[in-house]
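**Q** Prediction below, plus the sequence it came from.
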Number of protein chains: 2
Amino acid sequence: MSAEKRFTPARACSLDQVPHWDLETDVLVVGFGAAGACAAIEARQAGAEVLVLEVAAAGGGSASLSGGEVYVGGSGGTDVQREHGFVDSTEDLQQYLLMAGGPAADAERVAIYAGNGVSHFNWLREQGVPFKGTYLPGKWIEPPTDDTLLWSGNEKAWPYVEKANPAPRGHTVQFTGWGGGKVLMQVLCERAVQLGADVHYNTRALTLVVDAGQVIGAVVREEGVVRFVRARRGVILCAGGFICNSEMVKRFVPAALDCELPVTGGNDDGSGIRMGISVGAATLNMQEFFATLPFFPPESLVKGIFINGRGQRFINEDSYHGRVAHYVLRQPDGRAWLLVDNEIFGRPVIQEDIQIAAVGETWAEVERELGLPEGALVHTVEEFNRLASTGNDPYFHKAAEWLRPLTEPPFAALSYCKGDFQGHAFTLGGLATRPSGEVLDADGQPIPGLFAAGRTACGLPRWGEGYSSGLSLGDSTFFGRQAGRKAAGQSVV
Amino acid sequence: MSAEKRFTPARACSLDQVPHWDLETDVLVVGFGAAGACAAIEARQAGAEVLVLEVAAAGGGSASLSGGEVYVGGSGGTDVQREHGFVDSTEDLQQYLLMAGGPAADAERVAIYAGNGVSHFNWLREQGVPFKGTYLPGKWIEPPTDDTLLWSGNEKAWPYVEKANPAPRGHTVQFTGWGGGKVLMQVLCERAVQLGADVHYNTRALTLVVDAGQVIGAVVREEGVVRFVRARRGVILCAGGFICNSEMVKRFVPAALDCELPVTGGNDDGSGIRMGISVGAATLNMQEFFATLPFFPPESLVKGIFINGRGQRFINEDSYHGRVAHYVLRQPDGRAWLLVDNEIFGRPVIQEDIQIAAVGETWAEVERELGLPEGALVHTVEEFNRLASTGNDPYFHKAAEWLRPLTEPPFAALSYCKGDFQGHAFTLGGLATRPSGEVLDADGQPIPGLFAAGRTACGLPRWGEGYSSGLSLGDSTFFGRQAGRKAAGQSVV
């Protein structure tokens, strides 16, 4: 029988199945992405022997394919925020993150992150991560420049803006264009290695080893050979989410199937989560996912209005694009369009071939072409125009800067109906953990010897509607650090 | 240390912790509710020795406090359906149940249930469950009579009616008024005992016993004494859902916290689900729950229209009340009202003290009193009235029989805003299982020796929006039977 069949993530290996230990370490880190690298750095600095397993031939994980944004602030602001005139209190960040966490927000995790965001940002710089220190105004999906600070979430959008003073909190690694994540991960991985973490590439963790309810190691396959690794102090699962595992997506987060483009480095196969489940870990929010249908830039399109098959608006379009995406995805019969007029029209840069479902010299023509109930679209647009011309949106509270009547023909409806868009997605559900990374059982008690961080855990980002760019890198690096310290036997922040 | 502390559902007990077996059986059934009783009956009939643990002083579980409706049909119809002129094809039932299961519907489970509904209904009668055989027309939450057949779901409502020919499928146990569940459970529990199931009341399953990845028994506390029970062929978890466990509700299904009234016999503490998790079981749809805000009877209220804080309608009000409830619960800022005119007004029987948020001689007055944007409510009502007078609802597809313009002053808005209603809820998430009851690990493979049914499993009812009355009793009794057969070593249907 092959090693994969004998040892599978969903079935833990008991000590009596271990013939001998091939390798021993204090802390075993599974996955050398953002969470794993930071866990390794901290565990090494706490004096622990650290062995890292990475299934790929190089480190970096999904984080290395990201834009390299880190969502931080609070404590009055990072020096970048303050230099550009933005004040950011811990209370505002905390309130924002609580709302961003949705119904299942973790108040303890939020409080710790909000209170330590600035010192975490400084820590990243101390590791050598470059941030230019400049500010990029405007509304972006990802910065096209090498600037640092940008608005990357729902801060200025209703209802967030009503409860928390807004500040830009996306801090992007210095790199021109998309690709800051690669720089971030080069620095963090090199730092971990430099500190003495022993990284085994091309090595897959097959399953955990347990003894008397305690996780004491893992069975791994390195260059085709099965090896047994003992972890004296603990195993930290930092193996990413599960967007690459179509079977898991279908079972746990079927709504994400509407988004065909996975956001991943290629190894988010859910093995970390499955290993946790095998030893009695509870999972949280497995149905949640990040999604986006990048309907802008150009940012003029944000001035358009989304309607559904009933001609109703359903979202303030100046919300974070991922929030808009979740609202679009749940419209009845999967039908939604972005209405634009000639002045704001432009092809979405990220999906230039978006289908134009209707064009007309009047909104009534567009309504007919879409096959909507008579008057439905026309009434919605007329009401929007009437109020927008006074700078008000009492229905959806779109901010005044994005309000402009749609009155310049020709008019058009861009199709965001199911099947017409290219959706991007990754998973947000994962193992239940404490902020320390301790993995929790179904009673909320830690499972001895087991830790998790990054998308293997259900972390700070846990609600698709509340996502902000930079939240996953912020969460993975910060809580990866906590898990590394805790597993090494040190106290966390 | 108390037994509860030494042995907890979230931590399995290993064989080396078992000093001796106090009791031995073939099949151990945890919980003597609908699923457990049916599992016991089938396992006994398959020749297995059966021991049942029931934490309460008597059998019946939450099912005994239910209305006693069982959702069955297909195969052309039960004899009750056919006697009253209703044809019900297996394909229609199957299509309906697939839609009712939502994005995570289990096609295999649905097909088995749809194909065997009639024989299951006949089996229940063979056990001695009384059904009068009569038909009760109208739209009910629960039948006030001792009639059998009624419309108990979304069958006649859009979008279900467009995809599946409708038939009434709620089959209610003969009992006048609310309480058929008690009769059902008396019959089924007595039958299990008569067949030789050994039932231990006042006995709590503390945790499962595992050996080499196989479930081989349980640790129980009976009359204060800890006992070790060996199960030679398997353990079937039929311990209900987790609506009574506020800590679990908060973690797994926080949205249900808006409904203050748990639907339960009192012991849905999630211990069955936690025991499953402890041995590596995957859970599914933990965020889903049944909810209802019973806004009718009187059924005239179904002719009203729900609007949200934007003055928008959001649901065809003739949908099943539980579906309406989920739509109401998710409206922005928790604001929703049922608009009625003088002709259809009546106080909801189940919540007579519902708050009347606004009254007016015109709809404009009602709109002002509710503080809605000017024209929002008025336009929605006018548009509804215009179309309803022609018998059409192109927006929400409410059926013609419930369409009537709201034109008789005075007009009123009944408040279904957060905090103003009494919501009822129970949980729908649970252990991943095969239709045979085999509990599945994170890879979808059966965990040897472990089975689950009823609300401990994620079964046929797994999506709040798609619930129908009778689905949980139908699922629990039918799949309880399958688990009993499978655990006893027999093939399932």
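**A** It's in.
**Q** is the lengthiest strand in chain A up against chain B anywhere?
**A** Ranked by residue count, the top strand of chain A under DSSP state E comes out as strand A:225-237. No. Residues of strand A:225-237 contacting chain B under C-beta under 8 Å from any C-beta of the partner chain: none, with a closest distance of 12.7 Å. Yep, even glycine has a C-beta here, placed from its N, CA and C like the rest.
**Q** how far is that strand from where the chain is centred?
**A** 28 Å (C-alpha atoms, centre = their mean, to the nearest Å).
**Q** elements contacting that strand?
**A** strand A:23-30, helix A:34-45, strand A:50-53, strand A:203-211, strand A:214-222, helix A:271-278, strand A:446-452, helix A:471-487 (3 or more C-beta pairs under 8 Å, 6 or more residues apart in numbering or on different chains; DSSP states H and E).
**Q** list the helices and strands the last one packs on?
**A** On a contact count with 3+ C-beta pairs under 8 Å, 6+ apart, helix A:471-487 meets strand A:23-30, helix A:34-45, strand A:69-71, helix A:107-127, helix A:180-194, strand A:225-237, strand A:446-452.
**Q** Name the residues of stretch A:223-236 that are buried.
**A** Neighbour-count burial for stretch A:223-236 flags A:226-231, A:233-236 (criterion: 16 or more other C-beta atoms under 10 Å in any protein chain shown).
**Q** the bottom helix or strand of chain A by mean pLDDT?
**A** One helix or strand of chain A scores below all others by mean pLDDT, DSSP states H and E: helix A:3-6, with a mean of 68.
**Q** right, quick check: the helix or strand following that one against chain B, any contact?
**A** Next in sequence after helix A:3-6, counting helices and strands by DSSP states H and E, comes strand A:13-14. Yes. Using C-beta under 8 Å from any C-beta, strand A:13-14 comes into contact with chain B via A:Ser14.
**Q** Relative to the whole chain's centre, how far out is strand A:13-14?
**A** 33 Å.
**Q** what helices or strands is that strand leaning on?
**A** Going by 3+ C-beta pairs under 8 Å, 6+ apart, strand A:13-14 lies up against strand A:203-211.
**Q** And the average pLDDT for the strand it packs on is what?
**A** On average, the pLDDT along strand A:203-211 is 97.
**Q** the inter-axis angle of it versus strand A:23-30?
**A** Here the directions of strand A:203-211 and strand A:23-30 differ by 110 degrees (axes from the mean of the first three to the mean of the last three C-alpha atoms, to 10 degrees).
**Q** Tell me which other helices or strands strand A:203-211 touches.
**A** Using 3+ C-beta pairs under 8 Å, 6+ apart, strand A:203-211 sits against strand A:13-14, strand A:50-53, strand A:214-222, strand A:225-237, helix A:271-278.
**Q** Report the buried residues of that strand.
**A** A:203-211.
**Q** Could you provide those in JSON lines, with additional columns for distance to B:Glu142?
**A** Supplementary listing: those in JSON lines, determined by distance: C-beta to C-beta, whole Å:
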{"residue": "A:Thr203", "distance to B:Glu142": "59"}
{"residue": "A:Arg204", "distance to B:Glu142": "54"}
{"residue": "A:Ala205", "distance to B:Glu142": "52"}
{"residue": "A:Leu206", "distance to B:Glu142": "52"}
{"residue": "A:Thr207", "distance to B:Glu142": "49"}
{"residue": "A:Leu208", "distance to B:Glu142": "48"}
{"residue": "A:Val209", "distance to B:Glu142": "53"}
{"residue": "A:Val210", "distance to B:Glu142": "48"}
{"residue": "A:Asp211", "distance to B:Glu142": "52"}
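**Q** Closest to A:Ala358 out of the residues you listed?
**A** Comparing the buried residues of strand A:203-211 against A:Ala358 with C-beta to C-beta places A:Arg204 closest, at 50.4 Å.
**Q** A:Met185 contacts A:Ala58, correct?
**A** No. If you go by C-beta atoms under 8 Å, A:Met185 and A:Ala58 don't touch, sitting 9.2 Å apart.
**Q** quick one: which of these two has more around it?
**A** Applying other C-beta atoms under 10 Å in any protein chain shown to A:Met185 and A:Ala58 shows that A:Met185 carries more neighbours, namely 28 against 14.
**Q** Look up how far B:Asp79 lies from the more buried one.
**A** Distance from A:Met185 to B:Asp79, counting by C-beta to C-beta, to the nearest Å: 67 Å.
**Q** just A:Leu284 next, same as before
**A** 46 Å.
**Q** try A:Trp21
**A** Relative to B:Asp79, and taking C-beta to C-beta, A:Trp21 is found at 67 Å.
**Q** Residue numbers of the stretch 251-400 of chain A in contact with chain B?
**A** Counting by C-beta under 8 Å from any C-beta, the stretch 251-400 of chain A sits next to chain B at A:251-252, A:254-255, A:270, A:273-274, A:277-287, A:310-312, A:333, A:373, A:375-376, A:379, A:383, A:394-396.
**Q** Right, and chain B sits closest to which residue of the stretch 51-200 of chain A?
**A** Residue nearest to chain B within the stretch 51-200 of chain A: A:Pro103 (4.0 Å; C-beta to the nearest C-beta).
**Q** Are we agreed that that residue is in a helix?
**A** Yes. When classified by DSSP: H, G, I helix; E, B strand; the rest coil, A:Pro103 is found to be part of a helix.
**Q** That one - how many residues pack around it?
**A** Close neighbours of A:Pro103, defined as other C-beta under 10 Å, add up to 16.
**Q** pretty sure it contacts B:Phe252?
**A** No. Using C-beta under 8 Å, A:Pro103 makes no contact with B:Phe252, being 10.7 Å away.
**Q** Can I get the longest strand of chain A in CSV, CA atoms only?
**A** Written as CSV, here are the backbone C-alpha positions of strand A:225-237 (Å, rounded to 0.1, in the frame of the first residue of the first chain):
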residue,chain,number,x,y,z
VAL,A,225,10.3,8.1,1.5
VAL,A,226,8.0,7.9,4.5
ARG,A,227,9.6,9.3,7.6
PHE,A,228,8.5,9.7,11.2
VAL,A,229,9.1,13.0,12.8
ARG,A,230,8.9,13.6,16.5
ALA,A,231,7.9,17.1,17.8
ARG,A,232,8.8,17.4,21.4
ARG,A,233,6.9,20.7,22.0
GLY,A,234,4.3,20.7,19.4
VAL,A,235,3.2,20.7,15.8
ILE,A,236,2.0,24.0,14.1
LEU,A,237,-0.3,23.5,11.1
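**Q** and after that strand, which helix or strand comes next?
**A** Next along the chain after strand A:225-237, taking DSSP H and E as the criterion, comes helix A:246-252.
**Q** Packing partners of that following helix?
**A** Counting by 3+ C-beta pairs under 8 Å, 6+ apart, helix A:246-252 packs on no helix or strand.
**Q** If you count neighbours, what's buried in that helix?
**A** Buried residues in helix A:246-252 (16+ other C-beta under 10 Å): A:248-249, A:251-252.
**Q** Name the residues that touch that helix?
**A** Under the contact criterion C-beta atoms under 8 Å, 6 or more residues apart in numbering or on different chains, helix A:246-252 has outside partners A:242-243, A:256-257, A:270, A:273-274, A:286-287, A:427, A:429, B:104, B:282, B:284, B:432, B:442, B:444.
**Q** Alpha carbons of it, in CSV - could you do that?
**A** Presented in CSV, the C-alpha positions along helix A:246-252 are these (Å, rounded to 0.1, in the frame of the first residue of the first chain):
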residue,chain,number,x,y,z
SER,A,246,-12.7,20.4,-5.0
GLU,A,247,-14.2,17.6,-3.0
MET,A,248,-13.9,19.7,0.2
VAL,A,249,-15.2,22.8,-1.5
LYS,A,250,-18.2,20.9,-2.7
ARG,A,251,-18.9,19.6,0.8
PHE,A,252,-18.1,22.5,3.0
